[in-house]
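Asks: 3D, please:
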Amino acid sequence: MQKILIVEDDPAIVTALEQYLRTEEFDPVSAKGEREAVRLMDSFSPELVLIDISLSEGDGFSVCREAKARGIPSVFLTASGDENSVVEGLDLGADDYIAKPYRPRELVSRIRSVLRRNGKGQSVVKLGGVSIDTDRGEVTRDGEAVPLSALEFRLLMVFVNNRGKLLTRTRLLDEIWDAGGDFVNDNTLTVYIKRLREKIGDDPSGPAVIKTVRGLGYRVD
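Replies: Below you'll find the model as predicted:
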């Protein structure tokens with residue numbers, strides 16, 4: 001799991017962030033202020049720091065400087081419309097910012113993007129004998145290339161990014177709607193899942209990777 005340091009003094013925000021980041025397979029830890037954040041940068045060695053600009057002890061800009069000095073990428077959490085703070089934070093070396101209130105999925109997407117840009121992202125994911133290079137958009141099975149359409153790759157990535165979670169058919173349709181310009185409805189979703197299983201060597205009659213949870217949806221462990 002990739003380590004994320006949350007520097008935020010609002011307990012409710014910290015709790016919500018930690019819970020969501022754990023579901024996305026991150027390992028979060030939090031600090032209320034600058035001094036504790038610096039200590040955790042050295043002892044916890046996070047891959048990324050999420051920083052609230054306004055802190056009860058110290059300020060987010062100082063934390064950003066400390067992270068920059070250690071080569072740790074950072075993302076600012078800032079109040080909506082606080083353009084001056086955003087500009088100052090980016091000038092100090094922050095890698096990105098996201099305004100409050102933020103959408104959790106967008107925040108996680110930004111985090112992963114920053115990690116990839118800094119060479120800290122996990123670009124190759126393995127599912128049994130299948131390897132997915134998320135940066136290159138390439139899939140191989142036992143070393144052989146697996147040609148997937150844009151929609152099939154998108155569908156596979158939905159499963160990869162939600163390993164261990166039950167995905168309903170409605171959730172899958174929402175995620176892949178019109179990907180690659182293809183129309184997808186409930187019937188064609190069944191066809192695409194069957195085709196994807198065949199291509200990655202997951203026997204549709206007894207799948208071991210993309211498992212059917214009868215009456216509920218699908219899950220990849």
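
Asks: domain assignment for this structure?
Replies: Recorded structural domains for the chain (assignment: automatic domain parsing) are 2-117, 124-220.

Asks: residue ranges of the strands in this structure, please?
Replies: For the chain, the strands defined by DSSP state E cover 2-7, 26-31, 48-52, 74-79, 96-100, 124-127, 130-133, 138-141, 144-145, 210-213, 217-220.

Asks: want to try JSON lines for the domains of the chain, with mean pLDDT as columns?
Replies: Shown next, in JSON lines, are the domains of the chain (pLDDT from 0 to 100):
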{"stretch": "domain 2-117", "mean pLDDT": "89"}
{"stretch": "domain 124-220", "mean pLDDT": "85"}
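
Asks: got the buried residues for stretch 207-221?
Replies: 207, 209-210, 217-220 (16 or more other Cβ atoms under 10 Å). (C-beta placed from N, C-alpha, C; glycine too.)

Asks: swap that for stretch 128-137, please
Replies: Those would be 130-132, 134, for stretch 128-137 by 16+ other Cβ under 10 Å.

Asks: repeat that for stretch 32-48.
Replies: Of the residues in stretch 32-48, 32-34, 36-38, 40-41, 46-48 count as buried by neighbour count, 16+ other Cβ under 10 Å.

Asks: now do the spatially most central residue of the chain against residue 22, distance only.
Replies: Nearest to the mean C-alpha position of the chain, by Cα atoms, centre = their mean, lies residue 108 at 4.2 Å. Applying Cβ to Cβ, to the nearest Å, the value for residue 108 to residue 22 is 11 Å.

Asks: which phi and psi does residue 73 have?
Replies: Main-chain torsions, residue 73, degrees, to the nearest 10: phi -70, psi 150.

Asks: could I get the contacting residues of it?
Replies: With contact taken as Cβ atoms under 8 Å, 6 or more residues apart in numbering, residue 73 is in contact with 47-49, 67, 95, 114-115, 117-118, 120.

Asks: now these in CSV, with distance to residue 165?
Replies: As requested, the contacts of residue 73 are exported to CSV (distance: Cβ to Cβ, whole Å):
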residue, distance to residue 165
47, 22
48, 22
49, 26
67, 31
95, 28
114, 23
115, 21
117, 26
118, 27
120, 24
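
Asks: first-to-last residue distance for stretch 87-100?
Replies: 16 Å (Cα to Cα, to the nearest Å).

Asks: now do the same end-to-end measure for stretch 112-125.
Replies: Note: stretch 112-125 ends 14 Å apart using Cα to Cα.

Asks: ok, and what's touching it?
Replies: Stretch 112-125 has contacts (Cβ under 8 Å, 6+ apart) with 2, 47-48, 73, 75, 95-96, 131-136, 160.

Asks: now with 10 Å, please.
Replies: For stretch 112-125, contacts defined as Cβ atoms under 10 Å, 6 or more residues apart in numbering pick out 1-4, 24-26, 46-48, 71-75, 94-96, 111, 131-136, 138-140, 156-157, 160-161, 163.

Asks: I figured residue 100 was touching residue 13, is that so?
Replies: Yes - Residue 100 lies in contact with residue 13 (Cβ atoms under 10 Å); the separation is 8.2 Å.

Asks: more crowded one of those two?
Replies: Higher neighbour count among residue 100 and residue 13: residue 13, with 17 against 12, using other Cβ atoms under 10 Å.

Asks: so what pairs up with residue 50 in the strands?
Replies: Residue 50 has the following beta-bridge partners by DSSP bridges: residue 6, residue 75.
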